[in-house]
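1. pasting the sequence and the predicted coordinates here, then a few questions.
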Amino acid sequence: MSKTYGRIVVENTGSPDVMEWREEAIPTTGANEVRIRNEAIGVDYIDTQIRAGQLPASLPTGIGFAGVGVVEEVGAEVKHVAVGERAAYMYFVPGSYAEQRIVPADRVVRLPDQELAAETAAGALFRGLTAWYLANRLRKIEKGDVVLVHAAAGGVGLILTQWLLHLGATVVGTVDTAEKAAALREFGCVHPVIIPQEDFVAKVAEVSDGRGAAVVYESIGKATFEGSLDSARRFGLIASFGWPSGDPDISLMTLRAKGSLFITRPTVTQYTAEASDFQAGAKALFQLVKDGTIRIKVGNSYPLRNAAQAHSDIVAGKTLGSVVLTVG
């Protein structure tokens, strides 16, 4: 057995080509740790922000938080997964862009469907847990609630849309191309809006009979934020969890004037900070995937060593659905 493994490291932040391939010794697995041989790794927008220096990181740093693979070794105190089983993990120390990874056991979940394709599982986990807390932890979704989901054909957006539909919501979803609108319809959303050609504020008003959206899932930022505020109903909630177009300026007086709105900037790191929440969210996600309620679209897959191309494509908006890196 090889005693080394390859991983991607960033010494200095910048463009995608700053990611370097390294061969390093495999660390010792601790009593409450699991070593996983990665089969597939999730690529998320936050990875590109860390690599680019838009979010703080201690350098040198690994990249990536979530992966799926085969358990190679477990610590003496680990009971819920066994060597040879397939498992998924999400651990908020960057470093999943690697052939293997050692992570705390409470950040590992055994896949309930051991035959689930690695790319599907990897495409589901980080984005699916984001969808889980957005749909289930911010505000109770009532049957018939109209909600607005921005970037609805993206990795988070497609999963979130399906989860909200499962809860009984009526979803208005924004996209930027006709191809993505078609994909959104395929996944159950009957109210896609192509921006900037179409007016999502008007669509929300039409679908809600003028009342507005109970929740606006805002993942674009400055370019759509004013319209998002105008789309919310009285006492509506704006969940600002992404801002690739820039961080919006917002006055508390504006929230008052537009209907005593609520606003939050949530993050999956907070909503899964407790291991019990991570385990609950992951199990709920993979159960819905297993029974077919949620389908995972992996629109783009790249070999691990081609991570730079994956980053370039995701930032340029060329990807559809989840993005993954494959190993082996």
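-> Okay, I see it.

2. which residue ranges of the stretch 51-200 of the chain form helices?
-> For the stretch 51-200 of the chain, the helices identified by DSSP state H, counting those that start in this stretch occupy 118-136, 155-166, 178-186, 200-207, in order along the chain.

3. reformat these as a markdown table; add mean neighbour count.
-> Every C-beta, even on glycine, is put in place using the N, C-alpha and C of the backbone. Shown next, in a markdown table, are the helices of the stretch 51-200 of the chain (neighbours: other CB atoms under 10 Å):
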| stretch | mean neighbour count |
| --- | --- |
| helix 118-136 | 25 |
| helix 155-166 | 26 |
| helix 178-186 | 17 |
| helix 200-207 | 20 |
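
4. who wins for proximity to Pro16 among those?
-> Across these, Pro16 has its closest neighbour in helix 155-166 (18.1 Å, CB to CB).

5. what is the mean pLDDT for that closest one?
-> Per-residue pLDDT values over helix 155-166 give a mean of 96.

6. one step back: of all the helices of the stretch 51-200 of the chain, which one is nearest Tyr302?
-> Nearest to Tyr302 among these is helix 118-136 (10.6 Å), distances taken as CB to CB.

7. can you get me the start-to-end distance on stretch 101-117?
-> Using CA to CA, to the nearest Å, the end-to-end distance of stretch 101-117 comes out at 19 Å.

8. start and end of stretch 18-29, how far apart?
-> Using CA to CA, one end of stretch 18-29 lies 29 Å from the other.

9. neighbouring contacts of it?
-> 2-12, 35, 51, 63, 73-75, 97, 100, 102, 305, 307-308, 311 (CB atoms under 8 Å, 6 or more residues apart in numbering).

10. I'd like to know which of those residues are buried.
-> Among the contacts of stretch 18-29, the ones that count as buried by 16 or more other CB atoms under 10 Å are 5-10, 35, 51, 63, 73-75, 97, 100, 102, 307-308, 311.

11. that older thread, I'd like the helices of the stretch 51-200 of the chain as CSV, with distance to Lys290 appended.
-> Listed next are those as CSV, based on distance: least, CB to CB, whole Å:
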stretch, distance to Lys290
helix 118-136, 11
helix 155-166, 14
helix 178-186, 20
helix 200-207, 31
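
12. what pLDDT does the nearest residue to Asp230 once chain neighbours are set aside get?
-> Distances taken as CB to CB, 6 or more residues apart in numbering place Val201 nearest to Asp230, at 4.9 Å, with adjacent residues excluded. With respect to pLDDT, Val201 has a value of 98.

13. ok, now which ones touch Val201?
-> Shown in contact with Val201 (CB under 8 Å, 6+ apart): 227, 230-231.

14. same question, Leu148
-> If a contact means CB under 8 Å, 6+ apart, then Leu148 has 171-174, 200, 204, 213, 215-217, 228, 231 as its contacts.

15. can we see that at 7 Å?
-> Contacts of Leu148 were listed using CB atoms under 7 Å, 6 or more residues apart in numbering, and they are 172, 200, 204, 213, 216-217, 228, 231.

16. Leu184 reaches His150, doesn't it?
-> No: the pair Leu184 / His150 is not scored as a contact, 11.8 Å apart, by CB atoms under 7 Å.

17. out of the contacts of Leu148, which is nearest to Val315?
-> Within the contacts of Leu148, distances to Val315 taken as CB to CB reach their minimum at Tyr217, with 20.6 Å.

18. give me the neighbour count for the closest one.
-> 30 (other CB atoms under 10 Å).

19. with adjacent residues omitted, what lies nearest to it?
-> Distances taken as CB to CB, 6+ apart place Val149 nearest to Tyr217, at 4.7 Å, with adjacent residues excluded.

20. show me what contacts the one you found?
-> Under the criterion of CB under 7 Å, 6+ apart, the contact list for Val149 reads 157, 160-161, 171, 173, 217.

21. recalculate using a threshold of 10 Å.
-> Contacts for Val149 were tallied using CB atoms under 10 Å, 6 or more residues apart in numbering; they are 131, 134-135, 156-158, 160-161, 164, 169, 171-175, 184, 189, 191-192, 213, 215-219, 239.

22. cool, Gln49 as well?
-> Shown here is Gln49, whose contacts under the criterion CB under 10 Å, 6+ apart are 13, 55-57, 242, 244, 315.

23. out of the residues you listed, which is most surrounded?
-> Each of the contacts of Gln49 was scored by neighbour count (other CB under 10 Å); the top score is that of Gly242, with 21 neighbours.

24. mind giving me the domain ranges of this structure?
-> Domain assignment of the chain by automatic domain parsing yields the ranges 4-127+272-326, 139-265.

25. in this structure Gln309 contacts Val315, no?
-> No: Gln309 sits out of contact with Val315 when judged by CB atoms under 10 Å, with a separation of 11.0 Å.

26. who touches both of these two?
-> Pro16.

27. which residues of the stretch 1-150 of the chain score low on pLDDT?
-> Of all residues in the stretch 1-150 of the chain, those with pLDDT under 70 make up the ranges 1-2.
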